[in-house]
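J.: Next come a sequence and a model predicted from it.
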2 protein chains.
Amino acid sequence: MNEFDLIRQYFRRDIDDVAVRVGVGDDAAVLQVPDGYELVVTMDTLVSGVHFAATAAPADIGWKALAVNLSDLAAMGAEPRWITLGLTLPQADSNWLAGFSQGFFDLAEQFSVGLVGGDLTRGPLTITVQAHGLVPAATAITRSGAQCGDLLAVSGYLGDAGYALTGSGAADNDADYFRQRLHRPHPPVAAGMSVRGRVNAAIDISDGLLADSDHLLAASRLGAVIHTDHIPISPQLAAACDRQTALQLALTAGDDYELCLALAAAAEDDVRTALRAVNRELYVLGCLHEGSGVQLEPAVDGLSQSGYAHF
Amino acid sequence: MNEFDLIRQYFRRDIDDVAVRVGVGDDAAVLQVPDGYELVVTMDTLVSGVHFAATAAPADIGWKALAVNLSDLAAMGAEPRWITLGLTLPQADSNWLAGFSQGFFDLAEQFSVGLVGGDLTRGPLTITVQAHGLVPAATAITRSGAQCGDLLAVSGYLGDAGYALTGSGAADNDADYFRQRLHRPHPPVAAGMSVRGRVNAAIDISDGLLADSDHLLAASRLGAVIHTDHIPISPQLAAACDRQTALQLALTAGDDYELCLALAAAAEDDVRTALRAVNRELYVLGCLHEGSGVQLEPAVDGLSQSGYAHF
C-alpha cells in the first residue's frame, strides 16, 4: 500500500463539522474559525524510545499522542476542534497502524475532534500532533496572568503516572488504575473550559508540579510557597509506596494530565464548584508572593528530576 | 542548555503581528483569524536520510522545511501567516541549531510569517512544520474544482531540482542555479494568491508532474492529455542533459515548487498576466476531458518514478 492508501484506510474518517471546509486529501485543510473566537494551537512530538517504549501498545501510543496535545489546549481553556498528525514510521505495518489509529480516534471521538490533515512519511518512529482549539476572543488562560496573593492549586491527584513508569508493583486491585493513569490519561479539557474566566493563570502538569508551577511563576514574575502536605496523592499511590516517594513523584515525575492554577482567594468556592461539575477537584497548595521560584514547606528529601526526557 | 534555553536562543523572535495574542512560551499559541477569512493549515515532515541527506547544510534544511509547507499553502491560494515547528534532534548541537534557524528564518522573513509555537525533543533528526495561512471565506483553491474542458498548466520550469539531486554535473555557470533550485526553492506563494478566483483547481508539484496532476485529476474525477513538447524545461536543464532525461525528471522527480493549475480557456490571458506580475509564467500543457488519468502525447520512453521517498 502506498501513502495515500494507508491514509485512506486508517486516517480518513467522516467529519461531521461544517466548519471543516476542506479536510484530509488536499494540499491543506481549510477551517472556519467563528467570528468572535480565537484559534489556539499547540504541537507536541513523541519519539519512540524517548517518550514511549518501542514495545508500547500502538493503541496506547495513539491515545497518548493526542492526549498530550489536548492537555495543552485544556491549560488555555480552549475547546478542542481539529487535529493534524505527522506520523513517521519505519515501515507500513498494518497491525501497528490499526492499533495506533484505534487509540487515536478513541480519544478523538470523546472530544469530537476531527483529523483534518497531516503527513505520513518513512523514518524512525516519531509522532507529531498539532491540536487546534477555540476560545471566545481574549479569554484564553495564559501562564502569565497570576497575581500576587493568588492561591496556587491543582485539579487532581499527582504522581500516579510517574509511579507506573517506575515499573514497581501495586496491589492487584490497583494495577489497572496505574496502567490507565500512565497509558490512557484523560486530558482535563472540561476542567480547563470550566475555569476559564474564573482563574488568573493555568499550566498543565507535564513535567511535574515543581517544574510546571515554576514555569507559571516565571511567566507571572512571582514566587510561591507550596505546602507539601496539601499535595493530593491518590489512595492507590499512597498504598503502593511510602509518602516521601509519593511526594517525589508528584513533584517531579510529570505526565499527570492535571492543571496547575492560580486564582484569587475570593474565587476559590466558585472554581471548586466548577471543577466538581466536571469530576475534577480543587486542591489548594499554597499562595503566590513577590519574588521567584517555589519554596516547599516542609521540604521533601531526595528530590530528583525524573520522568520523560527533554532537552 | 535545556530545551527552554535553546528555544529562547534560536527560535524566539519578536513577532510584529497583533493577531498573535500569545506566541512561543505558553501551553499553546493564540491566534486571531479575522472575520470573513478561513484558516488554511498544512503539515509536512522531513526525515534525515529520507527527505534530506544527513550531511546537508543545516541552513538549507531549515529553509526547505518551511518551503515545502509554504508551497502547500500556495497551492490553496492562501497567504502564509504563522508557523509551528516540531524539531527532534539527536543532541543539542549549537552549530546545527544556529544554521537551521538561520535558514528557517531567512525564508520566514521573506513572507513575514511568525514562528508562534512548537516542540523541541531529543531523538532521530526529524522536522515537522505546520504552516497556517488565510484566505477570504470560500475562496481556497482545491484540487477538486477542475472542470471538463479546462486547460492544464504549470507555473514554471520543472525537473531542475531532480537533476540537481542526481548529482550529475552542470556547466560551471549553472552549478549555482541547480544548487538553488534544489536547496533554496522559492515557494509560489504570490503565484497562488494571484490566481485565486481565476483558476478552478491547483496542486503544488512535489512528487513530479505526472503524480501530482494525477492527484488533481482524481480529485476532480477527470482525465487529461499532456503534450510533452509543452513541458517547460529551463535552459540550464536543457544544456545539462538530453531531452528525454529532462522530460523524465520533469514528469517524475518532483520537488519543483511550481503550481499545476486547471483553468477555463477563457481565463488563460488573465491568469498569464496575473502570474507574470509575480515573476511566474503560464505554460499550458494540455486539456482536461471526461475519464481518468494522464495521457502523455507523445509518450516519453523510460519513465520511472524517482525522487524522494514516500510510502
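T.: Great, that's in hand.
J.: so where's chain A uncertain?
T.: Flagging of chain A using pLDDT under 70 yields the residue ranges A:1, A:304-311.
J.: And the strands in it, which stretches?
T.: In chain order, chain A shows strands spanning A:20-22, A:29-31, A:37-47, A:79-89, A:114-122, A:126-136, A:151-154, A:201-204, A:223-227, A:259-263, A:283-289, A:293-297, with DSSP state E as the criterion.
J.: would you list these in TSV and tack on mean neighbour count?
T.: (C-beta placed from N, C-alpha, C; glycine too.) Conversion of the strands of chain A to TSV gives the following (neighbours: other Cβ atoms under 10 Å in any protein chain shown):
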stretch	mean neighbour count
strand A:20-22	20
strand A:29-31	26
strand A:37-47	25
strand A:79-89	25
strand A:114-122	24
strand A:126-136	27
strand A:151-154	25
strand A:201-204	28
strand A:223-227	19
strand A:259-263	28
strand A:283-289	20
strand A:293-297	15
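J.: Let's have these in JSON lines, adding distance to chain B.
T.: Formatted as JSON lines, these follow (distance: least, Cβ to the nearest Cβ, whole Å):
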{"stretch": "strand A:20-22", "distance to chain B": "6"}
{"stretch": "strand A:29-31", "distance to chain B": "4"}
{"stretch": "strand A:37-47", "distance to chain B": "3"}
{"stretch": "strand A:79-89", "distance to chain B": "4"}
{"stretch": "strand A:114-122", "distance to chain B": "5"}
{"stretch": "strand A:126-136", "distance to chain B": "4"}
{"stretch": "strand A:151-154", "distance to chain B": "15"}
{"stretch": "strand A:201-204", "distance to chain B": "6"}
{"stretch": "strand A:223-227", "distance to chain B": "18"}
{"stretch": "strand A:259-263", "distance to chain B": "10"}
{"stretch": "strand A:283-289", "distance to chain B": "18"}
{"stretch": "strand A:293-297", "distance to chain B": "15"}
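J.: Residue A:120 reaches residue A:7, doesn't it?
T.: Yes: the criterion here is Cβ atoms under 8 Å, and residue A:120 meets it with residue A:7 at 5.8 Å.
J.: And residue A:25, how far from chain B?
T.: Residue A:25 sits 7 Å away from chain B, taking Cβ to the nearest Cβ, to the nearest Å as the criterion.
J.: List the residues that contact that residue.
T.: Residue A:25 makes contacts with A:7, A:12, B:143, B:219, as judged by Cβ atoms under 8 Å, 6 or more residues apart in numbering or on different chains.
J.: In helices, which of those fall?
T.: Among the contacts of residue A:25, the members found in helices (DSSP state H) are residue B:219.
J.: what about burial for the contacts of residue A:25, which qualify?
T.: Under a neighbour-count criterion of 16 or more other Cβ atoms under 10 Å in any protein chain shown, the subset of the contacts of residue A:25 counted as buried comprises A:7, B:143, B:219.
J.: Neighbours of residue A:95, how many?
T.: By other Cβ atoms under 10 Å in any protein chain shown, the residues close to residue A:95 number 8.
J.: Now do the contacts for it.
T.: Contacts of residue A:95 were listed using Cβ under 8 Å, 6+ apart, and they are residue A:58.
J.: for the one 10 residues further on, same thing?
T.: Residue A:105 makes contacts with A:13, A:62, A:115, as judged by Cβ under 8 Å, 6+ apart.
J.: repeat for residue A:113
T.: The contact partners of residue A:113, taken as Cβ under 8 Å, 6+ apart, are A:66, A:70, A:80-83, A:131.
J.: Show me chain A divided up by domain.
T.: Structural domains annotated on chain A: A:3-136, A:151-297, as defined by automatic domain parsing.
J.: Would you mind putting those into TSV with distance to residue B:281 alongside?
T.: As requested, those are exported to TSV (distance: least, Cβ to Cβ, whole Å):
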stretch	distance to residue B:281
domain A:3-136	21
domain A:151-297	49
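J.: Could you show which parts of the stretch 101-250 of chain A are in contact with chain B?
T.: A:116-124, A:126, A:128, A:130-133, A:135, A:137-138, A:140, A:142-144, A:202-204, A:219 (Cβ under 8 Å from any Cβ of the partner chain).
J.: Residue B:250: which of the buried ones among the contacts of residue A:25 is nearest?
T.: Comparing those against residue B:250 with Cβ to Cβ places residue B:143 closest, at 20.0 Å.
J.: so the closest one touches residue A:28, yeah?
T.: No: at 10.5 Å, residue B:143 and residue A:28 do not qualify as touching, with contact defined as Cβ under 8 Å.
J.: Now do the shared contacts for those two.
T.: Shared contacts of residue B:143 and residue A:28, defined by Cβ under 8 Å, 6+ apart, are not found at any residue.
J.: which residues are in contact with stretch A:273-293?
T.: Where contact means Cβ under 8 Å, 6+ apart, the residues beyond stretch A:273-293 that reach it are A:146-156, A:188, A:190-191, A:194-195, A:198, A:214, A:217-218, A:220-227, A:230-232, A:258, A:261-262, A:268, A:271-272, A:297.
J.: Extract the C-alpha set from that stretch and format it as CSV.
T.: Taking C-alpha atoms only, stretch A:273-293 is exported to CSV below (Å, rounded to 0.1, in the frame of the first residue of the first chain):
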residue,chain,number,x,y,z
THR,A,273,-17.8,24.1,42.2
ALA,A,274,-16.9,24.5,38.5
LEU,A,275,-14.3,21.7,38.7
ARG,A,276,-16.6,19.3,40.7
ALA,A,277,-19.2,19.7,37.9
VAL,A,278,-16.7,18.1,35.6
ASN,A,279,-15.5,15.4,38.0
ARG,A,280,-12.3,17.2,39.0
GLU,A,281,-11.4,18.7,42.4
LEU,A,282,-9.6,21.8,43.6
TYR,A,283,-6.7,21.2,45.9
VAL,A,284,-5.2,24.5,47.2
LEU,A,285,-1.4,24.0,47.7
GLY,A,286,-0.2,27.4,48.7
CYS,A,287,0.0,31.1,47.9
LEU,A,288,1.8,33.3,45.4
HIS,A,289,4.0,36.1,46.6
GLU,A,290,6.6,38.7,45.3
GLY,A,291,9.8,37.1,44.3
SER,A,292,10.5,34.0,42.3
GLY,A,293,10.6,30.2,42.4
